[in-house]
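**Student:** Structure for the following, please:
(2 chains)
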Protein chains: 2
Amino acid sequence: MGATIKKILITGGAGFIGSNLADALISVGHDVRIADNFSTGFHKFIDQHKGTAAIEIVETDLLDEQACSQVLGGCDVVYHLAANADVRFGWQQPLRDTQQNLLVTQNLLEACRKQGVRKFVFSSTGSVYGKAKQIPTPEDCAFPTQTSLYAASKLAAEGLINAYAEADVVDATIFRFVSILGRRYTHGHVFDFVKQLLGDPKRLKVLGDGKQTKSYLHVDDCTSALVRVLDGKSKLDIFNLGTNETVTVNQSINIICKSLNCDPIIDYSGGSEGWIGDNPHIFLDTTSARATGWSSVRTISESIRETVEWLVANDWVFSLRDK
Amino acid sequence: MGATIKKILITGGAGFIGSNLADALISVGHDVRIADNFSTGFHKFIDQHKGTAAIEIVETDLLDEQACSQVLGGCDVVYHLAANADVRFGWQQPLRDTQQNLLVTQNLLEACRKQGVRKFVFSSTGSVYGKAKQIPTPEDCAFPTQTSLYAASKLAAEGLINAYAEADVVDATIFRFVSILGRRYTHGHVFDFVKQLLGDPKRLKVLGDGKQTKSYLHVDDCTSALVRVLDGKSKLDIFNLGTNETVTVNQSINIICKSLNCDPIIDYSGGSEGWIGDNPHIFLDTTSARATGWSSVRTISESIRETVEWLVANDWVFSLRDK
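**Tutor:** Residues are numbered from 1 along each chain as shown, chains lettered A, B, ... in the order given. The predicted structure is shown next:
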């Protein structure tokens, strides 16, 4: 690699993307500190590194300003991935997204200022484009309307990061992801469908009409983009991340059923949106990210198949994450 | 008027725009409840209504969820104008904008849900466009970069209002204002310049190079737009508000000096931005608002002159608002 070894904080580092990012950074020689409250993260996802010098694991609540500042001490970079990511269930606890996604981000930005940590990488979401009028959607599309508390809180966090970058407190990179698939994937469409079908392979309940267009990216393609920006320096970069293809929910169901070798009767709830605030058509323009040399390797079909295989081999995640 | 009498909550109703809005709503027969923490509002601004049946004044902290819900009880409409509006001083207390502008807004939205108040009118800001690439800037311009904590918090609040409107909790109207001038104006460029010149008419310190383009609207033109949306029903409307002209800071200084009959030596701090996060060129495209029949009556020059006259006649505001 040739680059300097860095001390890197990953918030949400015991989660799906965070733990995969930890693997990737450790594999090229960096030292990783994981901060996680283990509300949706799993020790199982990081067990492979325990006892090695490359990892430190801190169980902490980043809503606590002091704890937040403390956990950042001595780091060169922060990858801020900790978040409440349950888009659908936002209305059950309307303040949760604001607290977990916005206030925690500001605590971390303030901690960066106090601890002199300059490099701030943030996982935002393609959901900030709401019901985008332009598809594929570029980063500088028309000022969007927010459709969920989750996306509103991520956009709010982006705005704060903008302001801190403009005030020269941090050098920031914001990634707007489509949904991510792959090993350790633990919530979303594919998770829900596989869970249902493992329970009863003859019936599948689907929110909406199955025609919503979804975009997925393999977690390895996601973390490869995250790792690439580690050494670069820029005031504020914003990149969409996704593949150059989409699938409908129905196509996704077909791939899942083929993998599981089942042929269920499908019960659609109807309507073009899966739930209040669902964005029925997500497809991001990833020209900017690809212009830096990054590219995605896996197709959506491959990603779905691999995810189904992982879920089948790790069905303990269904019992531990009952929603 | 012919319309039904409404019970209207104005948050920040003892402030500059809020108290003028209270005057306007009461003058056409509505009942107004003012909620203010009097941190920057003044009893003097609403004294004219005290003891009349048309007004109720509640001194309260809207950061307190329960107080927030209570003060909304029995209202048909809320005009949410309460905010921390000190753009320049955001970095002295970095969490203040988040608390006062975002968390308070969510408390109010939750209170609307609990109290069944459908109509939500919000005062946002042209600052959410950051350093806009398109001038005059339309509501659906390219996805902007935030440059101040103030604007980031207002954009965050807009995002939440979007999500609550999409979830059919409220019918929302969001106004993005330029700077407002007129009677009871108590902070901003003109305030700072008049304050300095009343202290020493021979010297004036100016942040930046004086060439920043600013846009101002008279408070009566602002409140006439706010009052117009009282009866309309729409899921989510967003309107820019401003005049069809701009002034440079230097032109504004000339008008002020002429009004005060002084000719100071001007001491520029230099640079194209007045301060970190200043948006040096603000000019909003107000086609959407004008398409509804609204128009602005006062020119910027008239507004500046009237503001200077009011400040001179009410110089007690300088001693009470020392920043």
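**Student:** C-alpha from now on. contacts and neighbour counts both.
**Tutor:** Fine.
**Student:** quick one, helices of chain A?
**Tutor:** Ranges of helices within chain A are A:16-27, A:65-72, A:96-97, A:104-115, A:149-166, A:189-199, A:219-228, A:249-260, A:287-291, A:300-313, A:316-320, based on DSSP state H.
**Student:** A:Ser296: neighbouring residues, count only.
**Tutor:** Look at A:Ser296: counted by other Cα atoms under 10 Å in any protein chain shown, it has 18 neighbours.
**Student:** Look at it and report its pLDDT.
**Tutor:** Looking at A:Ser296, its pLDDT stands at 97.
**Student:** What does it show for phi and psi?
**Tutor:** Listed backbone geometry of A:Ser296 is phi -90, psi 140, with angles given as degrees, to the nearest 10.
**Student:** Contacts only, for it.
**Tutor:** Counting by Cα atoms under 8 Å, 6 or more residues apart in numbering or on different chains, A:Ser296 touches A:Leu217, A:His218, A:Asp221, A:Cys222, A:Gly242, A:Thr243.
**Student:** coming back round to it: and the helices of chain A: which comes nearest A:Asp86?
**Tutor:** helix A:149-166 (7.5 Å; Cα to Cα).
**Student:** just checking, what packs against the closest one?
**Tutor:** Here helix A:149-166 is seen to pack against helix A:96-97, helix A:104-115, strand A:119-125, strand A:171-177, helix B:149-166 when contacts are counted using 3 or more Cα pairs under 8 Å, 6 or more residues apart in numbering or on different chains; DSSP states H and E.
**Student:** Of all these, which one is nearest A:Lys131?
**Tutor:** The minimum distance between A:Lys131 and the helices and strands packed on helix A:149-166 falls on helix B:149-166, with 10.8 Å, by Cα to Cα.
**Student:** Now that closest one - C-alpha only, CSV.
**Tutor:** Written as CSV, here are the backbone C-alpha positions of helix B:149-166 (Å, rounded to 0.1, in the frame of the first residue of the first chain):
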residue,chain,number,x,y,z
LEU,B,149,-25.2,26.7,11.1
TYR,B,150,-28.2,28.9,10.9
ALA,B,151,-29.1,28.0,7.4
ALA,B,152,-28.3,24.3,8.0
SER,B,153,-30.7,24.3,10.9
LYS,B,154,-33.4,26.0,8.8
LEU,B,155,-32.9,23.6,6.0
ALA,B,156,-33.1,20.7,8.5
ALA,B,157,-36.4,22.1,9.9
GLU,B,158,-37.7,22.4,6.3
GLY,B,159,-36.8,18.7,5.7
LEU,B,160,-38.8,17.7,8.8
ILE,B,161,-41.8,19.8,7.7
ASN,B,162,-41.6,18.1,4.3
ALA,B,163,-41.7,14.6,6.0
TYR,B,164,-44.6,15.6,8.3
ALA,B,165,-46.5,17.0,5.3
GLU,B,166,-45.8,13.9,3.2
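**Student:** got the angle for it vs strand B:171-177?
**Tutor:** Note on geometry: by axes from the mean of the first three to the mean of the last three Cα atoms, to 10 degrees, helix B:149-166 and strand B:171-177 are set 160 degrees apart in direction.
**Student:** So which of the helices and strands packed on helix A:149-166 has the densest surroundings on average?
**Tutor:** When neighbours are counted by mean count of other Cα atoms under 10 Å in any protein chain shown, the highest per-stretch mean among the helices and strands packed on helix A:149-166 falls to helix B:149-166, a mean of 28.
**Student:** Disregarding residues adjacent in the polypeptide, which is nearest to A:Thr125?
**Tutor:** Among residues not flanking A:Thr125 along the chain, A:Arg176 sits closest, at 4.1 Å (Cα to Cα, 6 or more residues apart in numbering or on different chains).
**Student:** Contact partners for the one you found?
**Tutor:** Counting by Cα under 8 Å, 6+ apart, A:Arg176 makes contact with A:Ser123, A:Ser124, A:Thr125, A:Gly126, A:Ile238, A:Phe239, A:Asn240, A:Leu241.
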